[in-house]
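Visitor: Got a sequence here, can you model it:
(chains A, B, C and D)
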Protein chains: 2
Amino acid sequence: MQWSEKEAMGRRKVEIKRIENKSSRQVTFCKRRNGLMEKARQLSVLCGSSVAVVIVSSTGKLYSSSSGESMANILKRFEIQHADDLKTLDFAEKTRNYLSHKDKLEEAESDNVSVDSLISLEEQLKAALSVTRARKTEFITELVKTLQEKEKLLREENQVLASQLSKMEKKRFLETEDERAMSLENNSGNKPPKTLTLLK
Amino acid sequence: MQWSEKEAMGRRKVEIKRIENKSSRQVTFCKRRNGLMEKARQLSVLCGSSVAVVIVSSTGKLYSSSSGESMANILKRFEIQHADDLKTLDFAEKTRNYLSHKDKLEEAESDNVSVDSLISLEEQLKAALSVTRARKTEFITELVKTLQEKEKLLREENQVLASQLSKMEKKRFLETEDERAMSLENNSGNKPPKTLTLLK
DNA sequence: TGAGCTATTTATAATCA
DNA sequence: TTGATTATAAATAGCTC
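Guide: Residues are numbered from 1 along each chain as shown, chains lettered A, B, ... in the order given. Below is the predicted model:
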(Lines give C-alpha, C1' and ligand atoms only; values in the text may rest on other atoms or scores of the structure.)
Protein backbone atom coordinates (compact mmCIF):
# COMPACT_ATOMS: atom_id res chain seq x y z
CA MET A 1 0.00 0.00 0.00
CA GLN A 2 1.26 3.40 -0.91
CA TRP A 3 -0.19 6.84 -1.15
CA SER A 4 0.62 10.40 -1.72
CA GLU A 5 2.20 12.29 1.09
CA LYS A 6 -0.09 15.25 0.93
CA GLU A 7 -3.28 13.23 1.09
CA ALA A 8 -4.62 12.11 4.40
CA MET A 9 -4.57 8.86 2.66
CA GLY A 10 -7.98 7.84 1.76
CA ARG A 11 -11.26 8.71 3.33
CA ARG A 12 -11.34 12.34 4.01
CA LYS A 13 -14.00 14.90 4.48
CA VAL A 14 -15.36 16.42 1.34
CA GLU A 15 -16.79 19.82 0.90
CA ILE A 16 -20.15 19.99 -0.68
CA LYS A 17 -19.19 21.57 -3.95
CA ARG A 18 -18.97 20.32 -7.45
CA ILE A 19 -16.44 17.53 -7.87
CA GLU A 20 -14.22 18.63 -10.70
CA ASN A 21 -12.64 15.32 -11.51
CA LYS A 22 -14.96 13.77 -13.96
CA SER A 23 -14.51 10.14 -13.17
CA SER A 24 -14.67 10.52 -9.46
CA ARG A 25 -17.71 12.68 -9.92
CA GLN A 26 -19.27 9.85 -11.85
CA VAL A 27 -18.41 7.35 -9.16
CA THR A 28 -19.74 9.57 -6.44
CA PHE A 29 -22.86 10.19 -8.43
CA CYS A 30 -23.52 6.51 -8.72
CA LYS A 31 -22.87 5.77 -5.08
CA ARG A 32 -24.81 8.65 -3.70
CA ARG A 33 -27.63 8.13 -6.09
CA ASN A 34 -28.07 4.63 -4.81
CA GLY A 35 -27.68 5.84 -1.27
CA LEU A 36 -30.33 8.47 -1.74
CA MET A 37 -32.80 6.04 -3.17
CA GLU A 38 -32.17 3.61 -0.37
CA LYS A 39 -32.75 6.37 2.14
CA ALA A 40 -35.96 7.21 0.40
CA ARG A 41 -37.11 3.64 0.59
CA GLN A 42 -36.26 3.44 4.25
CA LEU A 43 -38.13 6.60 5.04
CA SER A 44 -41.12 5.25 3.25
CA VAL A 45 -41.08 1.93 5.05
CA LEU A 46 -40.24 3.23 8.49
CA CYS A 47 -42.82 5.97 8.50
CA GLY A 48 -45.51 4.68 6.21
CA SER A 49 -45.02 7.55 3.84
CA SER A 50 -44.61 7.81 0.12
CA VAL A 51 -41.45 9.08 -1.43
CA ALA A 52 -40.63 9.94 -4.98
CA VAL A 53 -37.14 10.73 -6.15
CA VAL A 54 -36.23 11.93 -9.59
CA ILE A 55 -32.61 12.47 -10.47
CA VAL A 56 -31.22 13.97 -13.61
CA SER A 57 -27.53 13.33 -14.10
CA SER A 58 -25.33 16.06 -15.44
CA THR A 59 -25.52 14.30 -18.77
CA GLY A 60 -29.28 14.37 -18.72
CA LYS A 61 -29.87 10.78 -17.88
CA LEU A 62 -32.90 10.13 -15.72
CA TYR A 63 -33.16 8.01 -12.62
CA SER A 64 -36.17 7.73 -10.46
CA SER A 65 -37.61 5.69 -7.68
CA SER A 66 -40.75 5.70 -5.67
CA SER A 67 -41.94 3.89 -2.64
CA GLY A 68 -45.26 3.75 -0.92
CA GLU A 69 -47.59 5.03 -3.55
CA SER A 70 -46.72 4.87 -7.19
CA MET A 71 -44.56 7.54 -8.71
CA ALA A 72 -47.49 8.73 -10.75
CA ASN A 73 -49.64 9.15 -7.70
CA ILE A 74 -47.04 10.99 -5.76
CA LEU A 75 -46.30 13.37 -8.57
CA LYS A 76 -49.98 13.82 -9.10
CA ARG A 77 -50.37 14.90 -5.52
CA PHE A 78 -47.54 17.29 -5.88
CA GLU A 79 -48.87 18.81 -9.02
CA ILE A 80 -52.29 19.25 -7.61
CA GLN A 81 -50.93 20.91 -4.52
CA HIS A 82 -48.80 23.24 -6.51
CA ALA A 83 -51.11 23.72 -9.36
CA ASP A 84 -52.32 27.04 -8.20
CA ASP A 85 -49.31 29.15 -8.82
CA LEU A 86 -48.79 30.36 -12.29
CA LYS A 87 -50.24 31.83 -15.36
CA THR A 88 -53.17 33.41 -13.72
CA LEU A 89 -52.07 36.59 -15.34
CA ASP A 90 -52.30 35.10 -18.78
CA PHE A 91 -55.98 34.70 -18.37
CA ALA A 92 -56.75 37.78 -16.41
CA GLU A 93 -58.48 39.45 -19.27
CA LYS A 94 -60.86 36.62 -19.76
CA THR A 95 -62.65 37.14 -16.53
CA ARG A 96 -65.75 38.23 -18.29
CA ASN A 97 -66.32 34.89 -19.90
CA TYR A 98 -66.80 33.36 -16.59
CA LEU A 99 -70.17 34.83 -15.96
CA SER A 100 -71.46 33.75 -19.29
CA HIS A 101 -70.72 30.19 -18.41
CA LYS A 102 -72.09 30.30 -14.96
CA ASP A 103 -75.57 29.22 -15.93
CA LYS A 104 -74.28 26.17 -17.61
CA LEU A 105 -72.53 25.06 -14.52
CA GLU A 106 -75.41 25.69 -12.23
CA GLU A 107 -77.55 23.66 -14.52
CA ALA A 108 -75.19 20.78 -14.21
CA GLU A 109 -75.12 21.06 -10.48
CA SER A 110 -78.62 19.78 -10.12
CA ASP A 111 -77.63 16.37 -11.38
CA ASN A 112 -77.01 13.49 -9.09
CA VAL A 113 -73.33 13.14 -8.51
CA SER A 114 -71.80 9.96 -7.27
CA VAL A 115 -69.75 9.63 -4.27
CA ASP A 116 -66.38 9.17 -2.82
CA SER A 117 -64.44 9.64 -5.96
CA LEU A 118 -65.80 13.10 -6.18
CA ILE A 119 -65.09 13.70 -2.57
CA SER A 120 -61.52 12.77 -3.08
CA LEU A 121 -61.35 15.05 -6.04
CA GLU A 122 -62.81 17.84 -4.09
CA GLU A 123 -60.26 17.28 -1.40
CA GLN A 124 -57.53 17.60 -3.91
CA LEU A 125 -58.99 20.70 -5.37
CA LYS A 126 -59.45 22.28 -2.00
CA ALA A 127 -55.89 21.48 -1.21
CA ALA A 128 -54.88 23.32 -4.30
CA LEU A 129 -56.31 26.45 -2.79
CA SER A 130 -53.89 26.51 0.05
CA VAL A 131 -50.73 26.42 -1.96
CA THR A 132 -48.85 28.21 -4.62
CA ARG A 133 -50.38 28.56 -8.01
CA ALA A 134 -47.60 27.16 -10.12
CA ARG A 135 -48.84 24.71 -12.62
CA LYS A 136 -52.48 24.71 -11.98
CA THR A 137 -53.57 26.09 -15.25
CA GLU A 138 -51.55 23.69 -17.21
CA PHE A 139 -52.46 20.79 -15.06
CA ILE A 140 -56.14 21.37 -14.77
CA THR A 141 -56.37 22.09 -18.43
CA GLU A 142 -54.82 18.74 -19.10
CA LEU A 143 -57.17 17.13 -16.68
CA VAL A 144 -60.21 18.60 -18.27
CA LYS A 145 -58.97 17.73 -21.70
CA THR A 146 -58.58 14.18 -20.59
CA LEU A 147 -62.07 14.09 -19.23
CA GLN A 148 -63.45 15.66 -22.33
CA GLU A 149 -61.67 13.22 -24.49
CA LYS A 150 -63.09 10.41 -22.51
CA GLU A 151 -66.50 11.85 -22.91
CA LYS A 152 -66.05 12.13 -26.60
CA LEU A 153 -64.91 8.56 -26.89
CA LEU A 154 -67.78 7.30 -24.85
CA ARG A 155 -70.21 9.20 -27.00
CA GLU A 156 -68.72 7.72 -30.09
CA GLU A 157 -68.95 4.29 -28.68
CA ASN A 158 -72.49 4.92 -27.71
CA GLN A 159 -73.32 5.93 -31.20
CA VAL A 160 -71.78 2.85 -32.64
CA LEU A 161 -73.73 0.72 -30.26
CA ALA A 162 -76.92 2.54 -30.91
CA SER A 163 -76.48 2.30 -34.61
CA GLN A 164 -75.78 -1.37 -34.45
CA LEU A 165 -78.79 -1.85 -32.33
CA SER A 166 -80.89 0.07 -34.74
CA LYS A 167 -79.52 -1.80 -37.71
CA MET A 168 -80.19 -5.05 -36.02
CA GLU A 169 -83.74 -4.10 -35.24
CA LYS A 170 -84.35 -3.04 -38.75
CA LYS A 171 -83.06 -6.35 -39.90
CA ARG A 172 -85.26 -8.16 -37.48
CA PHE A 173 -88.15 -6.11 -38.61
CA LEU A 174 -87.54 -6.94 -42.22
CA GLU A 175 -87.18 -10.57 -41.45
CA THR A 176 -90.34 -10.42 -39.47
CA GLU A 177 -91.99 -8.81 -42.45
CA ASP A 178 -90.74 -11.66 -44.55
CA GLU A 179 -92.04 -14.17 -42.11
CA ARG A 180 -95.31 -12.39 -41.99
CA ALA A 181 -95.48 -12.26 -45.69
CA MET A 182 -94.73 -15.88 -45.84
CA SER A 183 -96.83 -17.00 -42.96
CA LEU A 184 -99.40 -14.23 -43.11
CA GLU A 185 -98.84 -13.84 -39.45
CA ASN A 186 -98.57 -10.43 -37.71
CA ASN A 187 -95.57 -10.29 -35.46
CA SER A 188 -94.81 -6.65 -34.75
CA GLY A 189 -94.30 -4.82 -31.47
CA ASN A 190 -90.67 -3.92 -31.49
CA LYS A 191 -90.06 -0.77 -29.58
CA PRO A 192 -86.96 1.29 -30.18
CA PRO A 193 -84.37 1.00 -27.44
CA LYS A 194 -85.21 3.51 -24.81
CA THR A 195 -81.64 4.46 -24.18
CA LEU A 196 -81.40 6.10 -27.52
CA THR A 197 -83.21 8.99 -26.01
CA LEU A 198 -80.35 9.47 -23.65
CA LEU A 199 -78.04 10.33 -26.45
CA LYS A 200 -78.38 13.78 -27.72
CA MET B 1 -28.46 10.19 32.97
CA GLN B 2 -30.44 7.04 33.44
CA TRP B 3 -31.82 4.36 31.24
CA SER B 4 -33.50 1.05 31.20
CA GLU B 5 -31.38 -1.91 31.97
CA LYS B 6 -32.49 -4.03 29.06
CA GLU B 7 -31.98 -1.36 26.47
CA ALA B 8 -28.60 -0.74 25.05
CA MET B 9 -29.43 2.67 26.18
CA GLY B 10 -30.20 4.78 23.28
CA ARG B 11 -28.81 4.49 19.86
CA ARG B 12 -29.38 1.05 18.60
CA LYS B 13 -29.82 -0.54 15.24
CA VAL B 14 -33.26 -0.36 13.77
CA GLU B 15 -34.82 -2.72 11.33
CA ILE B 16 -36.30 -1.17 8.26
CA LYS B 17 -39.93 -1.83 8.96
CA ARG B 18 -42.80 0.35 9.95
CA ILE B 19 -42.29 2.06 13.29
CA GLU B 20 -45.34 1.23 15.30
CA ASN B 21 -45.01 3.88 17.97
CA LYS B 22 -46.73 6.86 16.55
CA SER B 23 -44.74 9.63 18.12
CA SER B 24 -41.38 8.10 17.47
CA ARG B 25 -42.50 7.45 13.93
CA GLN B 26 -43.29 11.10 13.64
CA VAL B 27 -39.92 12.11 14.99
CA THR B 28 -38.11 9.72 12.73
CA PHE B 29 -40.11 10.94 9.80
CA CYS B 30 -39.08 14.48 10.44
CA LYS B 31 -35.44 13.68 10.92
CA ARG B 32 -35.08 11.36 8.01
CA ARG B 33 -37.10 13.61 5.78
CA ASN B 34 -34.63 16.40 6.41
CA GLY B 35 -31.77 14.00 6.04
CA LEU B 36 -33.06 12.79 2.72
CA MET B 37 -33.46 16.26 1.38
CA GLU B 38 -30.01 17.22 2.50
CA LYS B 39 -28.61 14.18 0.78
CA ALA B 40 -30.46 15.15 -2.33
CA ARG B 41 -29.01 18.61 -2.22
CA GLN B 42 -25.52 17.26 -1.74
CA LEU B 43 -25.85 14.89 -4.62
CA SER B 44 -26.99 17.71 -6.78
CA VAL B 45 -24.14 19.99 -5.85
CA LEU B 46 -21.38 17.41 -5.84
CA CYS B 47 -22.27 15.92 -9.15
CA GLY B 48 -23.91 18.75 -11.02
CA SER B 49 -27.15 16.88 -11.27
CA SER B 50 -30.74 17.79 -10.56
CA VAL B 51 -32.70 16.08 -7.88
CA ALA B 52 -36.35 16.26 -7.04
CA VAL B 53 -37.81 14.73 -3.93
CA VAL B 54 -41.47 14.54 -3.11
CA ILE B 55 -42.56 13.06 0.18
CA VAL B 56 -46.07 12.35 1.30
CA SER B 57 -46.40 11.76 5.00
CA SER B 58 -48.68 9.03 6.26
CA THR B 59 -51.18 11.75 7.02
CA GLY B 60 -51.08 13.01 3.48
CA LYS B 61 -48.98 16.08 4.08
CA LEU B 62 -46.63 16.98 1.28
CA TYR B 63 -42.98 17.88 1.43
CA SER B 64 -40.77 18.45 -1.52
CA SER B 65 -37.44 19.79 -2.49
CA SER B 66 -35.51 20.22 -5.63
CA SER B 67 -31.99 21.19 -6.44
CA GLY B 68 -30.26 21.91 -9.66
CA GLU B 69 -33.09 22.55 -12.00
CA SER B 70 -36.46 23.63 -10.75
CA MET B 71 -38.90 21.08 -9.53
CA ALA B 72 -41.14 21.84 -12.46
CA ASN B 73 -38.37 21.18 -14.92
CA ILE B 74 -37.32 17.97 -13.32
CA LEU B 75 -40.83 16.65 -13.17
CA LYS B 76 -41.38 17.76 -16.71
CA ARG B 77 -38.41 15.74 -17.80
CA PHE B 78 -39.75 12.80 -15.96
CA GLU B 79 -43.18 13.19 -17.42
CA ILE B 80 -41.83 13.51 -20.89
CA GLN B 81 -39.84 10.38 -20.49
CA HIS B 82 -42.82 8.56 -19.08
CA ALA B 83 -45.42 10.30 -21.14
CA ASP B 84 -47.22 7.15 -22.05
CA ASP B 85 -47.63 5.99 -18.52
CA LEU B 86 -48.78 9.28 -17.21
CA LYS B 87 -51.04 9.99 -20.07
CA THR B 88 -53.23 7.09 -19.19
CA LEU B 89 -53.72 8.32 -15.68
CA ASP B 90 -56.94 9.83 -14.68
CA PHE B 91 -55.56 12.64 -12.67
CA ALA B 92 -58.65 13.89 -11.07
CA GLU B 93 -60.75 11.10 -9.89
CA LYS B 94 -58.76 7.95 -10.34
CA THR B 95 -61.58 6.35 -12.16
CA ARG B 96 -60.89 2.77 -11.58
CA ASN B 97 -62.36 1.55 -14.80
CA TYR B 98 -60.16 3.72 -16.82
CA LEU B 99 -57.34 1.30 -17.26
CA SER B 100 -59.68 -1.41 -18.31
CA HIS B 101 -60.73 0.87 -21.09
CA LYS B 102 -57.28 1.86 -22.07
CA ASP B 103 -57.16 -0.26 -25.17
CA LYS B 104 -60.42 1.07 -26.28
CA LEU B 105 -59.34 4.61 -25.77
CA GLU B 106 -56.11 4.18 -27.56
CA GLU B 107 -57.93 2.55 -30.38
CA ALA B 108 -60.32 5.40 -30.52
CA GLU B 109 -57.61 8.00 -30.32
CA SER B 110 -56.94 7.47 -33.95
CA ASP B 111 -60.40 8.75 -34.69
CA ASN B 112 -61.04 12.32 -35.39
CA VAL B 113 -62.05 13.95 -32.20
CA SER B 114 -64.01 17.12 -32.49
CA VAL B 115 -62.24 19.98 -30.87
CA ASP B 116 -64.97 22.49 -30.51
CA SER B 117 -66.26 21.28 -27.25
CA LEU B 118 -62.75 21.05 -25.92
CA ILE B 119 -61.98 24.54 -26.94
CA SER B 120 -65.09 25.91 -25.42
CA LEU B 121 -64.35 24.09 -22.26
CA GLU B 122 -60.85 25.35 -22.22
CA GLU B 123 -62.21 28.82 -22.57
CA GLN B 124 -64.30 28.27 -19.54
CA LEU B 125 -61.33 26.98 -17.71
CA LYS B 126 -59.16 29.85 -18.61
CA ALA B 127 -61.84 32.25 -17.66
CA ALA B 128 -62.21 30.53 -14.38
CA LEU B 129 -58.56 30.87 -13.70
CA SER B 130 -58.69 34.57 -14.01
CA VAL B 131 -61.29 35.01 -11.37
CA THR B 132 -60.66 35.14 -7.70
CA ARG B 133 -59.07 32.14 -6.16
CA ALA B 134 -62.08 30.91 -4.31
CA ARG B 135 -64.36 31.19 -7.26
CA LYS B 136 -61.82 29.52 -9.39
CA THR B 137 -61.65 26.49 -7.23
CA GLU B 138 -65.36 26.34 -6.91
CA PHE B 139 -65.78 26.65 -10.60
CA ILE B 140 -63.24 24.07 -11.51
CA THR B 141 -64.52 21.68 -8.96
CA GLU B 142 -67.95 21.94 -10.43
CA LEU B 143 -66.61 21.64 -13.90
CA VAL B 144 -64.76 18.48 -13.19
CA LYS B 145 -67.66 17.07 -11.27
CA THR B 146 -69.86 17.70 -14.22
CA LEU B 147 -67.50 16.01 -16.56
CA GLN B 148 -67.11 13.04 -14.35
CA GLU B 149 -70.79 12.69 -13.96
CA LYS B 150 -71.24 12.83 -17.66
CA GLU B 151 -68.71 10.11 -17.97
CA LYS B 152 -70.57 7.98 -15.53
CA LEU B 153 -73.88 8.42 -17.31
CA LEU B 154 -72.32 7.62 -20.60
CA ARG B 155 -70.79 4.50 -19.22
CA GLU B 156 -74.10 3.41 -17.86
CA GLU B 157 -75.80 4.11 -21.10
CA ASN B 158 -73.14 2.19 -22.90
CA GLN B 159 -73.78 -0.78 -20.75
CA VAL B 160 -77.49 -0.63 -21.33
CA LEU B 161 -76.95 -0.44 -25.05
CA ALA B 162 -74.51 -3.26 -25.04
CA SER B 163 -76.77 -5.43 -23.02
CA GLN B 164 -79.71 -4.71 -25.29
CA LEU B 165 -77.62 -5.51 -28.27
CA SER B 166 -76.49 -8.70 -26.73
CA LYS B 167 -80.03 -9.68 -25.76
CA MET B 168 -81.24 -8.94 -29.21
CA GLU B 169 -78.58 -11.05 -30.78
CA LYS B 170 -79.36 -13.91 -28.55
CA LYS B 171 -82.95 -13.59 -29.53
CA ARG B 172 -82.11 -13.48 -33.18
CA PHE B 173 -79.92 -16.43 -32.80
CA LEU B 174 -82.67 -18.43 -31.17
CA GLU B 175 -85.14 -17.40 -33.81
CA THR B 176 -82.67 -18.37 -36.42
CA GLU B 177 -82.37 -21.70 -34.72
CA ASP B 178 -86.12 -22.02 -34.81
CA GLU B 179 -86.27 -21.12 -38.44
CA ARG B 180 -83.59 -23.57 -39.20
CA ALA B 181 -85.38 -26.20 -37.27
CA MET B 182 -88.57 -25.49 -39.06
CA SER B 183 -87.21 -25.05 -42.51
CA LEU B 184 -84.29 -27.42 -42.16
CA GLU B 185 -82.39 -24.65 -43.75
CA ASN B 186 -79.03 -23.50 -42.47
CA ASN B 187 -79.06 -19.79 -42.05
CA SER B 188 -76.11 -18.95 -39.82
CA GLY B 189 -73.26 -16.50 -40.31
CA ASN B 190 -74.10 -13.85 -37.80
CA LYS B 191 -71.06 -12.23 -36.53
CA PRO B 192 -71.18 -10.52 -33.18
CA PRO B 193 -71.11 -6.74 -33.31
CA LYS B 194 -67.57 -5.66 -33.06
CA THR B 195 -68.27 -2.92 -30.59
CA LEU B 196 -69.24 -5.42 -28.00
CA THR B 197 -65.61 -6.09 -27.62
CA LEU B 198 -65.14 -2.46 -26.82
CA LEU B 199 -67.20 -2.69 -23.73
CA LYS B 200 -65.87 -4.84 -21.02
C1' DT C 1 -16.01 -0.55 -15.48
C1' DG C 2 -17.45 -2.84 -11.38
C1' DA C 3 -16.92 -4.78 -6.90
C1' DG C 4 -14.90 -4.70 -2.41
C1' DC C 5 -12.22 -2.46 1.35
C1' DT C 6 -11.79 0.45 5.69
C1' DA C 7 -10.89 4.83 7.84
C1' DT C 8 -13.59 8.45 8.43
C1' DT C 9 -17.32 11.22 8.13
C1' DT C 10 -22.36 11.42 8.62
C1' DA C 11 -26.78 10.30 9.96
C1' DT C 12 -29.63 9.33 13.56
C1' DA C 13 -32.20 6.66 17.76
C1' DA C 14 -32.81 7.27 22.17
C1' DT C 15 -32.68 10.52 25.46
C1' DC C 16 -32.61 14.81 27.77
C1' DA C 17 -33.40 19.93 28.03
C1' DT D 1 -43.83 20.64 20.60
C1' DT D 2 -38.64 21.69 19.02
C1' DG D 3 -33.99 21.49 19.82
C1' DA D 4 -29.60 19.66 21.72
C1' DT D 5 -26.70 15.57 22.99
C1' DT D 6 -24.17 11.56 22.17
C1' DA D 7 -23.38 6.71 21.44
C1' DT D 8 -24.01 3.98 17.65
C1' DA D 9 -25.29 2.63 13.07
C1' DA D 10 -24.67 3.82 8.22
C1' DA D 11 -22.79 5.96 4.36
C1' DT D 12 -19.08 6.82 1.72
C1' DA D 13 -14.13 8.81 -0.19
C1' DG D 14 -10.27 7.21 -1.73
C1' DC D 15 -8.15 3.24 -2.74
C1' DT D 16 -7.27 -1.71 -4.52
C1' DC D 17 -8.01 -5.36 -7.49
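
Visitor: Report the secondary structure element holding the residue of chain A found nearest DNA strand D.
Guide: Ranking the residues of chain A by distance to DNA strand D (C-beta to the nearest atom of the strand) places residue A:35 first, at 2.1 Å. (C-beta placed from N, C-alpha, C; glycine too.) Using DSSP states H and E, residue A:35 sits in helix A:22-47.

Visitor: Just the mean pLDDT for that helix, thanks.
Guide: Here helix A:22-47 scores 91 as its mean pLDDT.

Visitor: need the helix or strand of chain A with the lowest average pLDDT.
Guide: Ranking every helix and strand in chain A by mean pLDDT, DSSP states H and E puts helix A:95-109 at the bottom, with a mean of 38.

Visitor: Can I take it that residue A:53 is in a strand?
Guide: Yes: under DSSP: H, G, I helix; E, B strand; the rest coil, residue A:53 sits within a strand.

Visitor: quick one, domains of chain A?
Guide: Listed by automatic domain parsing, the domain ranges of chain A are A:19-70, A:82-180.

Visitor: Comparing those domains by mean pLDDT, which bottoms out?
Guide: Mean pLDDT per stretch puts domain A:82-180 lowest among those, at a mean of 56.

Visitor: rewinding a little: could you find the closest non-adjacent residue to the residue of chain A closest to DNA strand D?
Guide: With C-beta to C-beta, 6 or more residues apart in numbering or on different chains as the criterion, residue A:35 has its nearest non-adjacent residue at 6.8 Å, and that residue is residue B:39.

Visitor: Next up, the contacts around that neighbour.
Guide: Going by C-beta atoms under 8 Å, 6 or more residues apart in numbering or on different chains, residue B:39 touches A:32, A:35-36, A:39.

Visitor: can you pick the most crowded of these?
Guide: Counting neighbours by other C-beta atoms under 10 Å in any protein chain shown, residue A:36 comes out on top of the contacts of residue B:39 with 23 neighbours.

Visitor: Surely that residue and residue B:37 touch.
Guide: No: counting by C-beta atoms under 8 Å, residue A:36 stays clear of residue B:37, with 9.9 Å between them.

Visitor: Just give the number of residues close to residue A:14.
Guide: Neighbour number of residue A:14 under other C-beta under 10 Å is 10.

Visitor: got it, and residue A:69?
Guide: By other C-beta under 10 Å, 17 other residues sit near residue A:69.

Visitor: repeat for residue A:23
Guide: Here the number of neighbours of residue A:23 (other C-beta under 10 Å) works out to 8.

Visitor: again with residue A:150
Guide: When neighbours are defined as other C-beta under 10 Å, residue A:150 has 22 of them.

Visitor: Repeat that for the one 3 residues further on.
Guide: Around residue A:153 sit 22 other residues, with neighbours defined as other C-beta under 10 Å.

Visitor: Point me to the helix or strand that includes it.
Guide: helix A:136-183.

Visitor: what's the answer for residue A:65, then?
Guide: strand A:62-67.

Visitor: Any part of that strand near chain B?
Guide: Yes: part of strand A:62-67 sits near chain B under the criterion C-beta under 8 Å from any C-beta of the partner chain, namely A:62, A:64.

Visitor: got the buried residues for that strand?
Guide: Within strand A:62-67, the residues that qualify as buried are A:63-67, counting by 16 or more other C-beta atoms under 10 Å in any protein chain shown.

Visitor: cool, stretch A:16-36 as well?
Guide: Residues A:19, A:25, A:28-29, A:32-33, A:36 are the ones in stretch A:16-36 that count as buried (16+ other C-beta under 10 Å).

Visitor: likewise stretch A:50-57?
Guide: Across stretch A:50-57, burial judged by 16+ other C-beta under 10 Å covers A:50-57.

Visitor: what do you get for stretch A:158-167?
Guide: For stretch A:158-167, by 16+ other C-beta under 10 Å, it's A:158, A:160-162, A:164-165.

Visitor: okay, the angle between the helix holding residue A:35 and helix B:22-47?
Guide: Note on geometry: by axes from the mean of the first three to the mean of the last three C-alpha atoms, to 10 degrees, helix A:22-47 and helix B:22-47 are set 170 degrees apart in direction.

Visitor: Say whether DNA strand C is contacted by helix A:22-47.
Guide: Yes: with C-beta under 7 Å from any atom of the strand as the criterion, DNA strand C is reached by helix A:22-47 at A:23, A:30, A:39.

Visitor: got TSV for those, with distance to DNA strand D too?
Guide: Output for these, formatted as TSV (distance: C-beta to the nearest atom of the strand, whole Å):
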residue	distance to DNA strand D
A:23	10
A:30	9
A:39	6
